[in-house]
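# Sequence first, then the predicted structure:
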Amino acid sequence: MANANEELLRRGYAAFAAGDLDAVLAIFADDIAWHVSGQSQISGDYHGHKEVMGFFGKILEITGGTFRLDIHDVLANDTHGAVLVTAYGERPGDTLEMREVHTWHLAGGKATEFWAFAEDTAITDHFFS
């Protein structure tokens with residue numbers, strides 16, 4: 001039987017893939033902290049639903065709606081989760097195919113903090129510059 005937090009994360013990623021951002025927000029704590037490494041226009045720290053939604057909007061804008069994540073595995077316990085993904089996106093003259101690890105802090109049936117770690121930050125920075 002899967003851990004409840006593994007199911008929570010799988011539900012959230014499935015909702016994101018389906019474009020159901022209301023369902024994505026439903027798994028996030030109201031004051032979620034979101035951290036994206038690197039030196040691009042999407043790098044930085046975001047706090048709360050409004051800023052995270054702005055982050056999602058920026059990614060979709062840059063990629064013309066082509067951004068997607070393919071899940072390789074979801075690992076979770078009672079307080080943390082790690083999701084192994086490949087991120088894909090396109091923009092004029094460039095494509096992205098990057099392995100990433102998404103690390104989550106989970107509490108009370110909600111995602112409270114997120115960190116994205118790309119395989120090669122320089123490639124991600126270039127793509128999102």
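Happy to help now that I have it.

# Helices along the chain, start to end?
Along the chain, the stretches classed as helices by DSSP state H are 4-18, 21-26, 48-62, 121-127.

# Including mean neighbour count, could those helices go into JSON lines?
Glycine gets a C-beta too; all of them are placed from N, C-alpha and C. Shown next, in JSON lines, are the helices of the chain (neighbours: other Cβ atoms under 10 Å):
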{"stretch": "helix 4-18", "mean neighbour count": "17"}
{"stretch": "helix 21-26", "mean neighbour count": "15"}
{"stretch": "helix 48-62", "mean neighbour count": "15"}
{"stretch": "helix 121-127", "mean neighbour count": "17"}
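
# Out of those helices, flag the one nearest residue 33.
Closest to residue 33 of the helices of the chain, according to Cβ to Cβ: helix 48-62, at 8.6 Å.

# ok, residue 78 - how many residues close by?
10 (other Cβ atoms under 10 Å).

# do residue 129 as well
Residue 129: 12 neighbours (other Cβ under 10 Å).

# export stretch 53-65 as PDB, just CAs?
Once non-C-alpha atoms are left out, stretch 53-65 reads as follows in PDB (Å, rounded to 0.1, in the frame of the first residue of the first chain):
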ATOM      1  CA  MET A  53       0.400  30.400  -9.700                       C
ATOM      2  CA  GLY A  54       2.400  33.300 -11.100                       C
ATOM      3  CA  PHE A  55       5.400  31.000 -11.400                       C
ATOM      4  CA  PHE A  56       3.300  28.300 -13.300                       C
ATOM      5  CA  GLY A  57       2.000  31.100 -15.600                       C
ATOM      6  CA  LYS A  58       5.500  32.300 -16.400                       C
ATOM      7  CA  ILE A  59       6.600  28.700 -17.300                       C
ATOM      8  CA  LEU A  60       3.600  28.200 -19.500                       C
ATOM      9  CA  GLU A  61       4.100  31.600 -21.100                       C
ATOM     10  CA  ILE A  62       7.800  31.000 -21.900                       C
ATOM     11  CA  THR A  63       7.100  27.600 -23.300                       C
ATOM     12  CA  GLY A  64       3.900  28.500 -25.200                       C
ATOM     13  CA  GLY A  65       2.000  25.900 -23.100                       C
END
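
# Since that was my last question, I'll sign off now.
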